[in-house]
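**Q** Sequence and predicted structure, then a few things I'm wondering about:
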Amino acid sequence: MKHSFLRFFSKDKSYSIIILSSFVLLFLTAVISPRVILYYEKNWIEYSDSKVISIADEITNEFTQRELKLISSTNSAAEEVSQILSDSSRVDELREELFNILKQASLKGDYTFQLYKNELEPIAWTNQYFEFQLPAAFFESDSVVFIYKENFKTSISYIRRISDRNLSKYFVAGFDDIEMNYGLRNEFISTETLEEELTAKYKTRVRTDFSDDASESLDGRIFSKRLTHFNGDYAGYLYINRPSQLAFLSELKEVFSKIQQLLFLVLLGVIFYSFIKDFTHIKSKLVQSAIATIFIWLIRVVIFYFQFPSEFVESDLFNPIYFASRFGFGMVKSPGELFLTASAILINVSFLFLLLRRWMIETNFAKTSSLIRILFTILALMCIVLFPFLLRGYGASSRSFVFDSSLKYFESASILPNVPFFLMHINVFIASISIVFASLIILLLVLKAFELWMPRSNQSRLIFFTALLLFFSGLIFIFIDTSDQYSILYLILFVLAIGLFIKFLSDLPVFINFSLVIAVLVISSLSTVFMLFEKNELQEKELQRTMTFELTKPQDQLLNFVLNETLTNLSNNPDLVYALRQKSTTPNFDLVSYKLWINSLLSSEGINSVLTLINPYGRVLGNFGVGLNETDYFQRYFDPRLISQLTIFVNRNQYPGKIFGVIPVRDENKTFGFAAITLDISANKYDNQTTPKIFKSVQSERDPLQLLPEAVIYSFAKTELMRLKGEDVPEKRQLPEEIANLSLQNSYQEIWKSEKFGNKNYSTFYFLYEQNGLPKILAISSEKKSFSWYIYNFFRLIFIHFLISITVLAIISCFLIIKGYKFKIRFKTKLFAGLLLVTIIPLFILAYYNRENALENWNQSIRNELRKDLDVIEVYLRENSKDTFLSSQAGYETLNKSAQKLQLDFNIYINDKLQFTTQKKLYDLNFFQSGLDASVYDDLFLNDKLYSYNFENIGNYKYLVGYKKVSLNEGRNVLISSPTIYKQEKIQKEIAQIDAFIFGTYSFTLILIFIFGSFILERISKPITDLTEATKKVSQGDLKIQLNTNETGEVGDLIDAFNKMISDLEESQKNLAQAEREYAWKEMAKQVAHEIKNPLTPMKLSLQHLQVLYKENKKEFAKIFGKVSATLVEQIEALNQITNEFSHFARMPKRNIQRCDLVQIIQEAVSLFASHMQIKFNFVSGEKYFVSGDKEELKRILINLFKNSIQADATEISVDLFSDAKFNFINVLDNGAGIPKESLDKLFEPNFSTKSEGMGLGLSIIKKIITEMDGAIEVESEEEKYTLIKISLPKDISTLEEKNLK
Amino acid sequence: MMISQIKKIFNFVNRRFDILICLVFLCLPNFSLAQNLREIPKSKLHDRIIQTPAAPVFEKIIEGIETANVSAFAHYFGKQVYISLNSGERGYYSSNQAYYVLQNYLNIYKPVNFKISTRLLNSTTPYCAGRLVYNFKGVRETAQVYISLTLTENNWEITQITFN
């Protein structure tokens, strides 16, 4: 490892630079950070001074810029108005145009404009009209800028008189809202106050005070600056807390620490990356898997240790409110951490699976020893035992995903309501994929153990038995283990799916491809859906129990606590003291009550209550509350003389179920008034509160009813029904007999029962308990999920998994493309993609159109409903209105009672002025604006419509308001309006149901397209696929193939033509082969005859000479005889060699095609020449290279080449072995005599030789063999220097059919 | 003849063994979604309150909050805990979530001092309330704290924690 590390750096400079830079930066931060901190400690005062001054300058600049922009827009609006109003007598005719001018001007900067004539006559406006008091300075000049403050709004305001003398009574007022302060923070409204916004931005408390009597702060810790308008006039004061030195330095240390952690992580990442290349050289799969596992978890632990990225990035993804579990020492404490851990598990397990698969494909298990078999058996037994634990772990994880998360996987109709929700779905999916891979590993190992002991058995049968074994293992575990983490049904389906997958895997020729990946994703997706359904059902049951316990829990302690704490806090509340001390100006005490109530425990605990403020003499100054109608107690019965401290009392006769508390509000021992609270302690928690959620100041209040909003609740005292909450359920119902007959022997009992109300099935939780000595029963029924619910959510989850899978596959594909991988996209896949494109696009367009249509129809139905409400109000008013009903207190009370009777909220306007509202409190507080919206005024007054509908908003909360012009008795014309704000939750639910229906329908259609499309395209593409396969076989030499088809048309013609072509090809190949053979034999015969003649001639001559000598009885006969014998022997030897070569060339031995290790072959060939002292062989083996061929043939090739080199007087032969994606390459280089250039082209021809001996057939035989293996051979040479033979052979030839040489 | 019949049956079963096994486990019932009628009688609550005092539990909670160490009392969390924090987190959380939500809160709003002002122990739902002084970004602030317990199977469980 060390050598590779150093070698790595010497090779790759970019990584060296990164590593060195990281080290240097780490060192620098370690050295610099203490110095920086010391610097700030020493110069803190100067720094904090300059900081607050720069913050103040920045804020004042921004303030001035906003003012100038508003002024500019207002001026240009005024100019345009002036041009339109050149003839002031036509104002009424031009009103619509004036409205448009202001509307266009407001869009430039989200401003509000109003056009007035004189002070009291509004001509045109934008948004909702509101009245405001002109500042005194305006009467002395043509324009004035000021700060306009009302209860819930603070604005920069600019008023500009129209410059034309004739129009000088007209003026335009522009407003730029600085702050919308409803005091509410909930799921609908999340507006920050200006103070919160600035404090968050500058990380120190920043406060503004725009009141007239604001002054510089005397607190040395606070820096104050006078805010002025652009013209230097007083606007207010800015207060900035000097930053805390401790907080600043802590933050600075944290920043440095994070930088160092980041650098360290970068360093670790680079070092890890450098080891990856070494990793691939490790031969042992076991070692590879161990190292990979260690590395993956090392990285995960290090990332967790450094709290990366949760401490670096502020995000909801790392917020435990969405999900948290204590498993894994905190490595799954948020959705983000869970994602990292789950990804590590997935990478680990999938890597192990791929390694195992590769190992199983590459290893020849035919000759395994008994010891290996026994080891495998032990391993298999361990796997069988491990399998149920694996499923248990998966079940426990799934349960945690549901129970330890506040996300409701099936509640929201929106597919992906927020990012944490999506991430949790990814996490659950990843966990399922990991389990699938882990189960596959187990199944493969157990199956292999079976195969080793029963190698001749049918594989399908073995897979079946393996699956059965695992199933029984899981089944036994279910009966032993009491935790019920997975069900029998799940076990059956899962084992079945995995078993089928293994069967599919065993037929797969390669160790991985996209089909495998998709199959894993499909099984994982189905597994996830099943588990989530199961766990969700369990969770709902648990929520029913929790809801019951919460609803039956005595609330008296909590209410006492809330009452005491709230009153105690109010007794010396500075804002309250200030308001009560005011003498010159009378504050709006309803507003003060509202602000106090909103910020108290009364609001956050969701308690029906009213907060009342009383002066020292007992007069009620104002109040605000929610959920209570009786607010007059303190007006009637309160006596301040009796109260000197916190006092709690009840009045059971007059106000049953209510509790009252009062406390004096004091400052410097003087009482300035009283704060009083009325609490509703009656047990009517089952009723929905009268005020909608929008008015609550909590994100999710403590309301047990929200745990299961659709639950039906029955409350019984003994057997008598007391209360009911729920829709579409019988109002009168009896207790089931078996429940009614139970007596409360113990403190409480829990009973589950399935019931039916109407057409719906419910699961009911009965809770028998005692309250105040009386036996009571609370029954909470939750509707059982219908088939359509399952179908909808099934498709929704599948769709989410599809999105995740498609994203991941796309990323992997991009990565592979960058690496140079060439995708083979099948014809069927292209057809399928085309079909999908053609169908999905119109489907989405249709779905979108349908949705818009459905929403439009639904909008229309809401408007119709509003219209009916308005008509009902109109009828009621006509029948019951009197002269004074809008001008007397009695009249208002009558109207209020009407509203209660009609159960409708409404407003009445005369002209465009609000005269009556059922929500008087909220209008008095200016929570709602009393003026008409510009578009409504335009519809009803300028365009003379009868009805108008307008969307109005509070923060992000939009609701529809309907308006209608009404003629009452005695010719009085009024305008009535009715809002949907109180029905908005129901409306949102209906919109969600429309979305759910459309999504479900179109998803189902999409699935049908997938299924039928696959089926049809399979049929269409099958002939092409068959044709492709047949063509491949033809290229490999199989000319006997003929395709059968019933196809007609072009495809049928193509197949027929193909069949004919193959037949003709076979025929011509036969003829060609025959002709070639004849030619070859002729040539061979010629050569052989020629070669045989050569030695025959000297043989004949020698024998003839011998005959002569013998006849003549010459003395030299003996001497000549020896020579002649020698010659004859030599020539016979030559003839023998010729015949050997000939037979070798002619004969085609039967080939033994197998997977050949080239390294081994080369080593064996080299070893044959080991005794040859003059030759030095250079061969370094590293990786393994495999080809498909005859091992002995390949060895003979190499032997032949080495012999040629030796014969060319080489003293050194180097063999180099390497490969690319498709081929293995063998280069044999020698330093022999070389080959002349003119001979290079003929080298592979039969009978060509540069040697003095030999037939010249060796290289032609070698070429023939290599060509038949689909390889190639080339030669490079330089005389007297070297010869290089380059052979290339295809990698991993899976099939190389025998070719019979004929 | 009897023996030959038995042999035939045996051979039949042997040949069809795998099919039979399939039929057997496909017919196995699914127990996962069944509803149960279940009575769970409990002992008298009052007796249990006396036997299991709540005071030590509150002591551990107080100590845990003061030292910003939720582990000290995390094992008292019920299955569902209502948590309400002045940082905005509010809702019913599982015991696992409650641990991290509170721990994160106390890591940011570092406790300086925690004093109990009200305590009610002899009740079916005992509670304690007090004031927490904490340090938030260098600024010292206070919050009202309310903690309530419920007795479940002889063990006290935290059902509500409020930092307001």
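**A** The structure has been received and is ready for your questions.
**Q** which one is residue 105 nearest to, not counting chain neighbours?
**A** In the absence of a named chain, this looks at chain A. Of all residues not flanking A:Ala105 in the chain, A:Ala77 sits nearest, at 3.9 Å (Cβ to Cβ, 6 or more residues apart in numbering or on different chains). C-beta here means a position set from N, CA and C on the backbone, and glycine is covered the same way.
**Q** ah, I was thinking of chain B
**A** Distances taken as Cβ to Cβ, 6+ apart put B:Leu85 closest to B:Tyr105, at 5.3 Å, once the chain neighbours are dropped.
**Q** quick one: contacts for the residue nearest to A:Ala105?
**A** Applying Cβ atoms under 8 Å, 6 or more residues apart in numbering or on different chains to A:Ala77 gives the contacts A:Ile101, A:Leu102, A:Ala105, A:Phe113, A:Val172, A:Gly174.
**Q** If we use 7 Å, what do you get?
**A** A:Ile101, A:Leu102, A:Ala105, A:Phe113, A:Val172 (Cβ atoms under 7 Å, 6 or more residues apart in numbering or on different chains).
**Q** Just confirm it is within a helix.
**A** Yes - A:Ala77 sits within a helix when classified using DSSP: H, G, I helix; E, B strand; the rest coil.
**Q** Would you mind measuring from it to chain B?
**A** 40 Å (Cβ to the nearest Cβ, to the nearest Å).
**Q** pLDDT wise, what is that residue at?
**A** We have a pLDDT of 92 for A:Ala77.
**Q** what do you get for the one 4 residues further on?
**A** A:Val81 carries a pLDDT score of 89 in this model.
**Q** Report the separation between it and chain B.
**A** Using Cβ to the nearest Cβ, A:Val81 is found at 45 Å from chain B.
**Q** got the contact list for the residue of chain B found nearest chain A?
**A** Minimum separation of chain B from chain A (Cβ to the nearest Cβ) falls at B:Gly138, amounting to 2.6 Å. Shown in contact with B:Gly138 (Cβ under 7 Å, 6+ apart): A:Ser244, A:Leu246, A:Ala247.
**Q** Please state the backbone phi and psi of it?
**A** Backbone dihedrals for B:Gly138, given as degrees, to the nearest 10, come out at phi 80, psi 0.
**Q** so what's residue 136 up against?
**A** You didn't say which chain, so I picked chain A. If a contact means Cβ under 7 Å, 6+ apart, then A:Ala136 has no contacts.
**Q** if you could check chain B rather than the one you did, that'd help
**A** Listed by Cβ under 7 Å, 6+ apart, the contact set of B:Phe136 reads B:Ile108, B:Tyr109.
**Q** From A:Lys333, how far out is it?
**A** Separation of B:Phe136 from A:Lys333 (Cβ to Cβ, to the nearest Å): 22 Å.
**Q** go on, A:Asp556?
**A** For A:Asp556, the distance to A:Lys333 equals 36 Å [Cβ to Cβ].
**Q** quick one: which of the two has more around it?
**A** For A:Asp556 versus A:Lys333, the count of surrounding residues by other Cβ atoms under 10 Å in any protein chain shown is larger for A:Lys333: 26 against 13.
**Q** Go ahead and confirm that one touches A:Phe327.
**A** No - using Cβ atoms under 7 Å, A:Lys333 makes no contact with A:Phe327, being 9.2 Å away.
**Q** Now A:Leu355: which helix or strand?
**A** Element membership of A:Leu355 [criterion: DSSP states H and E] is helix A:335-362.
**Q** Whether that helix contacts chain B - can you check?
**A** No - taking Cβ under 7 Å from any Cβ of the partner chain as the criterion, helix A:335-362 and chain B are apart, separated by no less than 9.8 Å.
**Q** tell me which residues of that helix are tucked away?
**A** A:335-353, A:355-357, A:360 (16 or more other Cβ atoms under 10 Å in any protein chain shown).
**Q** same question, stretch A:1021-1041
**A** Buried residues in stretch A:1021-1041, counted by 16+ other Cβ under 10 Å: A:Ser1021, A:Pro1023, A:Ile1024, A:Asp1026, A:Leu1027, A:Ala1030, A:Lys1033, A:Val1034, A:Leu1039, A:Ile1041.
**Q** for stretch A:540-548, same thing?
**A** Result for stretch A:540-548 [16+ other Cβ under 10 Å]: buried residues A:Glu540, A:Glu542, A:Leu543, A:Gln544, A:Arg545, A:Thr546, A:Met547, A:Thr548.
**Q** tell me the mean pLDDT for it?
**A** 89.
**Q** And stretch A:335-342, by the same measure?
**A** For stretch A:335-342, mean pLDDT is 95.
**Q** got a list of contacts for it?
**A** Residues from elsewhere that reach stretch A:335-342, judged by Cβ under 7 Å, 6+ apart: A:300, A:303, A:310, A:317-318, A:322-323, A:328, A:331-332, A:420, A:423-424, A:426-427, A:430-431.
**Q** and the residue lying closest to A:Ile1020 once chain neighbours are set aside, how many neighbours?
**A** In space, and not counting its chain neighbours, A:Ile1020 is closest to A:Leu831: 6.7 Å by Cβ to Cβ, 6+ apart. Using other Cβ under 10 Å as the criterion, A:Leu831 is surrounded by 17 other residues.
**Q** Quick one: list the elements packing against whichever strand or helix holds A:Gln1074.
**A** With secondary structure defined by DSSP H and E, A:Gln1074 is part of helix A:1049-1112. If contacts are counted by 3 or more Cβ pairs under 7 Å, 6 or more residues apart in numbering or on different chains; DSSP states H and E, helix A:1049-1112 sits against helix A:984-1035, helix A:1117-1146.
**Q** so what's A:Lys108 up against?
**A** Contacts for A:Lys108 (Cβ under 7 Å, 6+ apart) come out as A:Ser73.
**Q** Could you rerun that using 10 Å?
**A** Taking Cβ atoms under 10 Å, 6 or more residues apart in numbering or on different chains, we find A:Lys108 in contact with A:Lys69, A:Leu70, A:Ser72, A:Ser73, A:Ser76, A:Ala77.
**Q** same thing with A:Phe376?
**A** The contact partners of A:Phe376, taken as Cβ under 10 Å, 6+ apart, are A:Phe365, A:Thr368, A:Leu445, A:Val446, A:Lys448, A:Ala449, A:Phe450, A:Glu451, A:Leu452, A:Trp453.
**Q** Could you list the low-pLDDT ranges of chain B?
**A** Along chain B, the parts satisfying pLDDT under 70 run over B:1-52.
**Q** check contacts around the closest residue to A:Arg851 other than its chain neighbours.
**A** Spatial nearest neighbour of A:Arg851, excluding adjacent residues (Cβ to Cβ, 6+ apart): A:Ile998 at 5.2 Å. By Cβ under 10 Å, 6+ apart, A:Ile998 lies in contact with A:Leu846, A:Ala847, A:Tyr848, A:Asn850, A:Arg851, A:Asn853, A:Ala854, A:Leu855.
**Q** What score does the second one have for pLDDT?
**A** On pLDDT, A:Ala847 comes in at 81.
**Q** ok, now the fourth one?
**A** In this model, A:Asn850 is scored at 83, pLDDT.
**Q** neighbours of it, just the number please.
**A** Neighbour count of A:Asn850, defined by other Cβ under 10 Å: 15.
**Q** Please report how far it lies from A:Arg652.
**A** Between A:Asn850 and A:Arg652 the computed distance is 58 Å (Cβ to Cβ).
**Q** Check the third one too.
**A** Taken as Cβ to Cβ, the spacing of A:Tyr848 relative to A:Arg652 amounts to 60 Å.
**Q** and these two? which has more neighbours close in?
**A** A direct count of neighbours by other Cβ under 10 Å for A:Tyr848 and A:Arg652 places A:Tyr848 higher, at 12 against 8.
**Q** shaky segments in the stretch 651-800 of chain A?
**A** For the stretch 651-800 of chain A, the ranges with pLDDT under 70 are A:682-702, A:718-724, A:726-733, A:742-748.
**Q** one step back: let's see if you can find the most crowded of the contacts of B:Gly138.
**A** Sorting these by how many neighbours each has (other Cβ under 10 Å) puts A:Ser244 first, at 20 neighbours.
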